[in-house]
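# Pasting the sequence and the predicted coordinates here, then a few questions.
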Amino acid sequence: MPFPVATRVKYARNPIEFVICQLRFPPILRIDAEIPSRFQDLIRVRYPLYESKRETGIPLTLPPEVARFFSQSLSFATGQRSHEFIDATRSWTISLDREKLTLDCRKYESWEEFKDFLGTPLDALRQEYSPPFYLRIGLRYRDVIRRSEHGLSDAGWKDLLPPWIAGLYCSPDVESDIERTAHQGLLRLSDGQGKVLINHGPIFDERSKEWCYALDADFFHDGQTEDPDVIARLDFLNQEARRFFQWSITDRLHRAMGPQSVPGS
């Protein structure tokens, strides 16, 4: 689906909760067989902290509240070991296991900064393990819209989200009686190869004690991708993510978040 072209902006009140990039490759058993000490040496300046974990087996595509339910209710341990390298602020985490490299960002500012944080571990992966190619390129954005942060506490969701996102909230007959609604969709992207899995709906924020709206979009490309094409593929997914977000909100919400033009875009 070709999301409408939109001017690139940076929001003064950024709604992004997290961004996750995941690069999957054919299994490299050496990552399981030995501690990745040389990989750590190559990225330690930026990622000085280390933790070792076991995989949960819970898909990244699940919304956090759903994943949390499963992790508390069932045992999903696969026994596969994951090595985590964390920056000093604990805002950026690199995870490495035998099948994938993942970057988890909890303080997203710009795509250029994100690619910079990805660059060093990606180079280290190439140098130490030389994946022959990549099987899946994924880029997931989760935005949480808190009306109180934008001076919109009295606004209805039908005023902040277009009809194709707002759904039941567009009906004045039932809007005040909605207790829960959730939506999921899988769409093709404009290149005819990538796709996006979208989960969206209201969530209750315990911190601010208000109902918020979550837009969770996992953009991905399945199929063999050669190493030189990885960054170009990610750039395309990022472009689609920006366009998707602006397509998913109204002009009123867009203006309330304080859009600022990005030089050179």
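Sure, I can see it.

# host element of Lys115?
Assigned by DSSP states H and E, Lys115 belongs to helix 111-129.

# Pull out the buried residues from that helix.
With burial defined by 16 or more other Cβ atoms under 10 Å, the residues of helix 111-129 counted as buried are Trp111, Phe114, Lys115, Phe117, Leu118, Thr120, Pro121, Leu122, Ala124, Leu125, Glu128, Tyr129. Any C-beta I mention is one placed from the backbone N, CA and C, and that applies to glycine too.

# and the residues you listed as JSON lines, adding distance to Ser148?
Conversion of these to JSON lines gives the following (distance: Cβ to Cβ, whole Å):
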{"residue": "Trp111", "distance to Ser148": "27"}
{"residue": "Phe114", "distance to Ser148": "27"}
{"residue": "Lys115", "distance to Ser148": "32"}
{"residue": "Phe117", "distance to Ser148": "30"}
{"residue": "Leu118", "distance to Ser148": "33"}
{"residue": "Thr120", "distance to Ser148": "37"}
{"residue": "Pro121", "distance to Ser148": "36"}
{"residue": "Leu122", "distance to Ser148": "38"}
{"residue": "Ala124", "distance to Ser148": "42"}
{"residue": "Leu125", "distance to Ser148": "41"}
{"residue": "Glu128", "distance to Ser148": "46"}
{"residue": "Tyr129", "distance to Ser148": "46"}
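
# Relative to Arg142, which of these is nearest.
Phe114 (14.0 Å; Cβ to Cβ).

# wait, isn't Ala256 in contact with His150?
Yes - between Ala256 and His150 a contact is recorded at 4.1 Å, counting by Cβ atoms under 8 Å.

# where along the stretch 1-150 of the chain do the strands fall?
9-11, 16-24, 49-54, 81-86, 92-97, 100-105, 134-145 (DSSP state E, counting those that start in this stretch).

# Please state the offset of the fifth one from the chain centre?
Translated: strand 92-97. 14 Å (Cα atoms, centre = their mean, to the nearest Å).

# let's number from 423 now, not from 1
Right, with 423 as the first residue, what we last looked at is strand 514-519.

# Least confident secondary structure element in the chain?
helix 486-495 (a mean of 52; mean pLDDT, DSSP states H and E).

# and the end-to-end length of stretch 583-603?
14 Å (Cα to Cα, to the nearest Å).

# Measure how buried Gly623 is and give me the count.
Gly623 has 17 neighbours, counted by other Cβ atoms under 10 Å.

# now do Gln462
18.

# gap between it and Glu506?
11 Å (Cβ to Cβ, to the nearest Å).

# what do the two both touch?
Tyr472 (Cβ atoms under 8 Å, 6 or more residues apart in numbering).

# quick one: low-confidence ranges for the stretch 473-622 of the chain?
477-501 (pLDDT under 70).

# how many neighbours does Val566 have?
Count around Val566 with other Cβ under 10 Å applied: 17.

# Distance check, it against Ile620.
15 Å.

# tell me which residues in stretch 589-604 are buried?
Of the residues in stretch 589-604, those buried (16+ other Cβ under 10 Å) are Gly589, Tyr591, Cys592.

# what sits against the last one?
With Cβ under 8 Å, 6+ apart as the criterion, the residues that contact Cys592 are Lys580, Pro585.

# Surely Phe658 is within a strand?
No - using DSSP: H, G, I helix; E, B strand; the rest coil, the assignment for Phe658 is helix, not a strand.
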